[in-house]
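Peer 1: sequence plus predicted model, see below.
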Amino acid sequence: MIDFKPLRDNILLKLDNKITEWDCGIVIPDQLQEPAREGTVLAVGPGITEESGDFLPTSTKAGDRVIISSYAGLEVDLDGDTYLVLRENDILAYTND
């Protein structure tokens, strides 16, 4: 288990693996691949306090499957695996896949 606690409205996301070889044998080079844009939320921060003083809790929860902006977030290496830390507003949609 990863010991990582996001602050404010930040989210830790595990991106889906990219398909590098199709069943028919075609291999897609790394340079031509689209950035991964779907993943699973692993941890979320508590939320943010707005300028008005109102606390806005994070609506995303661990286990949610999400679609994110193409180049959103910051890649981090934890225990040899790559994860993404991003803000909640970088999430575009939830998915059931």
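Peer 2: Perfect, I can see it now.
Peer 1: tell me the confidence at Leu78?
Peer 2: Note on Leu78: pLDDT of 86.
Peer 1: that one and Phe4 touch, don't they?
Peer 2: Yes. The pair Leu78 / Phe4 is scored as a contact, 6.3 Å apart, by Cβ atoms under 8 Å. Using the backbone N, CA and C atoms, a C-beta is placed for each residue, glycine as well.
Peer 1: tell me the spacing between the residue nearest the centre of the chain and Thr49.
Peer 2: The C-alpha lying nearest the average C-alpha coordinate of the chain belongs to Leu13 (Cα atoms, centre = their mean; 3.2 Å). Distance, Leu13 to Thr49, by Cβ to Cβ, to the nearest Å: 23 Å.
Peer 1: pull the number of nearby residues for Val85.
Peer 2: As a burial measure, Val85 scores 19 neighbours (other Cβ atoms under 10 Å).
Peer 1: grab the nearest non-local neighbour of Gly47.
Peer 2: Of all residues not flanking Gly47 in the chain, Pro57 sits nearest, at 3.9 Å (Cβ to Cβ, 6 or more residues apart in numbering).
Peer 1: so what pLDDT did the residue nearest to the centre of the chain get?
Peer 2: What the model reports for Leu13 is a pLDDT of 93.
Peer 1: got the contact list for Asp81?
Peer 2: Asp81 makes contacts with Lys14, as judged by Cβ atoms under 8 Å, 6 or more residues apart in numbering.
Peer 1: same thing but at 7 Å, please
Peer 2: With contacts defined as Cβ atoms under 7 Å, 6 or more residues apart in numbering, Asp81 is in contact with no residue.
Peer 1: which residues does it bridge with?
Peer 2: Following DSSP bridges, Asp81 is listed with bridge partners Leu78.
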